[in-house]
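Trainee: Just need the structure, nothing else, for what follows:
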Amino acid sequence: MKQLNSLYVSVFGDPEQTGSERYFVTVTCLTASIFLFGLCMVHILMNLKLAPVFIAGGGSLLLLGLYFLVRFGQCLFYPKLILSVIGLVLLDLTWYSKFLSNGPVLFFMLIFGALVLWVWEGRSLMFLLILYYVNVAVLFIIDYNAPATLFDYPEGRVRSVDIYLSFTMYSALLIFLLYVVKRDFLRQKEKAIRSDKLKSAFLANMSHEIRTPMNSIVGFSSLLHEEDDQELLQRYSDIIQRSGHHLLGLINDIIDLSKIEAGEFMIAKSKFNIRELFEELILTFTIELQRIKKENVVLKYEISDEELTIDTDYDRLKQLLSNLVSNAVKFTSAGEIVIACSKNPKEFVFSVADTGTGIPVEDQQKIFKRFTSINYSGLNTEGTGIGLSISEKIVKKLGGNLWLESNVGKGSTFYFSIPYLASSKKLYKRRKTQVVNEPRSLKSKGKVLVVEDDKASQELIDRILRPLNLEFVYANDGSEAIRYVISNNDVSLIMMDLKLPDVNGYEATSIIKKIKPEIPIIAQTAFAMEGDREKAIAAGCDDYITKPLDSAKLLEMVQIYL
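Mentor: Numbers count the residues shown, from 1 in each chain. Predicted structure coming up:
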């Protein structure tokens with residue numbers, strides 16, 4: 001049974017991957033092609049008219065070609081159109097050559113109408129249904145005025161055999177197609193029920209996961225007003241900041257998960273040096289190890305070639321490695337964490353190895369399921385159980401596989417592969433992150449116009465950039481910002497929120513750039529979905545930073561533009 005199902009999927013495709021519409025058209029084309037071939041053979045064996053033999057044979061070849069086009073190609077609209085329009089024409093020709101309303105083909109019109117209803121929707125469906133009924137009316141006129149000779153079978157027995165044999169074949173085709181429709185409906189129904197259960201589980205988990213850091217943020221924020229001890233104030237502040245970062249990471253994971261489920265998870269490929277990516281990860285996580293007091297854990301990388309380059313999505317690969325390194329950091333109290341990459345003729349193989357707690361065999365499949373958070377030795381107090389699920393999906397999007405090897409008490413190694421694709425693209429050089437240790441005074445550089453309708457955000461920007469000793473002016477919406485720029489020549493930089501009352505940030509940026517293109521504009525926004533950065537840059541912004549604002553990154557960015 002398993003082999004039969006595997007054969008079925010290889011012939012018709014997996015509806016989960018190809019989509020219900022493409023799957024149904026594929027099934028229809030192949031089964032109708034086989035059916036027409038059988039019809040052709042029946043006419044030859046019964047010595048009936050030759051015209052239906054040629055029509056059925058030609059139709060069978062046409063449908064077979066459409067099957068290959070739909071099953072293995074990317075196009076769907078035109079095969080559907082050919083299937084509907086040419087199919088109706090072939091059906092009419094068969095009807096005409098096969099004894100008109102005395103023959104069995106007339107009743108196949110009903111099946112054809114049902115297929116049109118299932119394949120099309122909207123205006124296309126209305127057009128094809130009108131065409132269908134106009135066609136039926138034309139057939140009636142032809143049938144009504146046709147000479148009697150067109151209705152005559154050679155003899156009564158031949159008529160009975162033809163009608164009942166054709167009826168058997170037509171009904172078999174209809175039953176099979178209805179079975180496919182029913183099976184697809186039940187699959188969609190089960191998927192909807194499963195999705196509803198997952199949604200309920202998701203909301204229950206998210207309620208807990210979001211409330212946990214929010215509890216610390218709200219609770220310790222209220223204690224700040226009542227506490228005078230500087231040491232405790234610092235501790236409360238650290239807890240609030242850590243909980244805030246945890247909450248932000250959780251929100252980013254939820255957004256990624258929702259984009260993956262909705263099929264909106266985009267891959268933007270570029271060619272870059274793997275060593276540079278590893279160095280950036282080492283820098284980031286070395287600081288993290290120092291922050292959580294794990295200085296005795298050594299973080300390093302190994303690479304087969306210092307100049308090894310890859311053509312894939314930089315941000316997704318970095319996200320993937322960051323997830324795996326972050327897990328290794330959680331479960332490693334001593335020893336080392338090694339990021340590695342090697343290349344073989346077909347693929348790149350990355351790995352993240354640690355000397356941590358290790359994962360028992362019975363848990364090694366569980367950890368890739370959503371919201372499965374396992375706390376070994378009390379080392380995973382803030383895990384949401386989403387990271388590895390997202391990592392596995394990212395790897396599949398990049399065309400590879402993810403697996404692990406682990407021994408309890410000795411550590412774990414996570415591997416993933418990315419197919420090797422030769423590329424002639426120019427190597428993409430990324431600007432290295434600059435750490436601003438001592439911000440320089442930039443008072444002589446002119447005023448910074450902060451376009452922001454939220455007073456708290458205005459104050460936050462002022463406080464973050466205070467070390468630069470800048471002079472600020474504020475605008476609450478886009479039109480106010482435009483008026484200020486027109487009437488003043490002392491603006492050196494604009495911090496532009498994108499969601500604003502009246503004139504929004506995109507429109508304001510576009511207008512300001514036409515008036516004074518030399519003024520740099522940095523978009524500072526809560527729009528952090530895929531494509532938002534590109535939309536801001538297209539509007540005229542010179543750079544882009546998302547909320548919540550990273551103070552070090554904002555300081556660096558402002559100093560670069562001033």
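
Trainee: For the stretch 351-500 of the chain, which segments count as strands?
Mentor: 402-407, 411-419, 447-451, 471-475, 491-496 (DSSP state E, counting those that start in this stretch).

Trainee: want to try CSV for those strands, with mean neighbour count, mean pLDDT and distance to V116 as columns?
Mentor: (Glycine included, C-beta is placed from N, CA and C.) Formatted as CSV, those follow (neighbours: other C-beta atoms under 10 Å; pLDDT from 0 to 100; distance: least, C-beta to C-beta, whole Å):
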stretch, mean neighbour count, mean pLDDT, distance to V116
strand 402-407, 16, 89, 44
strand 411-419, 20, 91, 41
strand 447-451, 24, 93, 54
strand 471-475, 17, 92, 58
strand 491-496, 24, 93, 52
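
Trainee: Quick one: closest of those strands to H246.
Mentor: Nearest to H246 among these is strand 411-419 (22.0 Å), distances taken as C-beta to C-beta.

Trainee: Mind listing the strands the closest one pairs with, and their directions?
Mentor: Partner strands and pairing direction for strand 411-419 (DSSP bridges) are strand 347-354 (antiparallel), strand 402-407 (antiparallel).

Trainee: Output the ones you listed in TSV; the columns should cover distance to G531.
Mentor: Converted to TSV, the strands paired with strand 411-419 look like this (distance: least, C-beta to C-beta, whole Å):
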stretch	distance to G531
strand 347-354	27
strand 402-407	26
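
Trainee: Adding distance to G73, write the strands of the stretch 351-500 of the chain out as CSV.
Mentor: Compiled in CSV, these are given as follows (distance: least, C-beta to C-beta, whole Å):
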stretch, distance to G73
strand 402-407, 30
strand 411-419, 22
strand 447-451, 49
strand 471-475, 53
strand 491-496, 45
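
Trainee: between the ones you listed, which one is nearest to D143?
Mentor: Across the strands of the stretch 351-500 of the chain, closest to D143 is strand 411-419 (C-beta to C-beta), at 59.2 Å.

Trainee: Centre of the chain to that closest one, how far?
Mentor: 22 Å (C-alpha atoms, centre = their mean, to the nearest Å).

Trainee: just stretch 156-175 next, same as before
Mentor: The answer for stretch 156-175 is 48 Å, by C-alpha atoms, centre = their mean.

Trainee: Could you pull out the helices in the stretch 101-250 of the chain for me?
Mentor: 108-119, 122-145, 156-224, 230-261 (DSSP state H, counting those that start in this stretch).

Trainee: ditto for the stretch 451-562 of the chain
Mentor: Listed in chain order, the helices of the stretch 451-562 of the chain (DSSP H, counting those that start in this stretch) span 455-464, 478-487, 505-515, 532-539, 551-561.

Trainee: in the fourth one, what counts as buried?
Mentor: Which is helix 532-539. Residues 532-533, 536, 539 are the ones in helix 532-539 that count as buried (16 or more other C-beta atoms under 10 Å).

Trainee: Redo those as CSV? Include distance to D143.
Mentor: Shown next, in CSV, are the buried residues of helix 532-539 (distance: C-beta to C-beta, whole Å):
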residue, distance to D143
D532, 62
R533, 64
A536, 65
A539, 64
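
Trainee: Lowest pLDDT pick from those residues?
Mentor: Among those, D532 carries the lowest pLDDT, at 79.

Trainee: Could you give the bridge partners of the nearest residue to that residue once chain neighbours are set aside?
Mentor: Once flanking residues are discounted, D532 sits nearest to T525: 7.3 Å by C-beta to C-beta, 6 or more residues apart in numbering. In this entry, T525 is beta-bridged to T546, by DSSP bridges.

Trainee: what about the closest residue in space to E306 that isn't next to it in sequence, how many neighbours?
Mentor: Excluding its sequence neighbours, the residue lying closest to E306 (C-beta to C-beta, 6+ apart) is R275, at 5.5 Å. By the criterion of other C-beta atoms under 10 Å, R275 has 16 neighbours.

Trainee: Next, the buried residues of the one helix or strand R275 maps to.
Mentor: R275 belongs to helix 274-291 when elements are defined using DSSP states H and E. Applying a neighbour-count criterion of 16+ other C-beta under 10 Å, the buried positions in helix 274-291 are 274-275, 277-278, 280-282, 285, 289.

Trainee: want to try CSV for those, with distance to Y561 as columns?
Mentor: Output for the buried residues of helix 274-291, formatted as CSV (distance: C-beta to C-beta, whole Å):
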residue, distance to Y561
I274, 30
R275, 29
L277, 26
F278, 29
E280, 22
L281, 27
I282, 28
F285, 29
L289, 32
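
Trainee: Closest one of these to D152?
Mentor: Proximity to D152 was ranked across the buried residues of helix 274-291 by C-beta to C-beta; first place goes to I274, at 78.6 Å.

Trainee: Hmm, that closest one is touching C341, no?
Mentor: Yes - the criterion here is C-beta atoms under 8 Å, and I274 meets it with C341 at 5.4 Å.

Trainee: which residues are in contact with both of the two?
Mentor: Residues touching both I274 and C341 by C-beta atoms under 8 Å, 6 or more residues apart in numbering: 303, 308, 348.

Trainee: Is it possible to mark the buried ones in those?
Mentor: Buried members of these, counted by 16+ other C-beta under 10 Å: 303, 348.

Trainee: re earlier: just give me the closest of the buried residues of helix 274-291 to P467.
Mentor: Taking C-beta to C-beta as the measure, P467 lies nearest E280 of the buried residues of helix 274-291, at 25.0 Å.

Trainee: Helices along the stretch 301-450 of the chain, start to end?
Mentor: Counting by DSSP H, counting those that start in this stretch, the helices of the stretch 301-450 of the chain are 314-331, 387-397.

Trainee: Next, the angle from the last one to helix 230-261.
Mentor: For helix 387-397 and helix 230-261, the angle between their directions (axes from the mean of the first three to the mean of the last three C-alpha atoms, to 10 degrees) works out to 40 degrees.

Trainee: What's the mean pLDDT across helix 387-397?
Mentor: Mean pLDDT, computed over helix 387-397, is 83.

Trainee: Counting by contacts, list what it packs against.
Mentor: Where contact means 3 or more C-beta pairs under 8 Å, 6 or more residues apart in numbering; DSSP states H and E, helix 387-397 is packed against helix 230-261, helix 314-331, strand 402-407, strand 411-419.

Trainee: which outside residues touch the shortest one?
Mentor: Applying C-beta under 8 Å, 6+ apart, the set of residues contacting strand 402-407 from outside is 358-359, 364, 368, 391-392, 395, 412-416.
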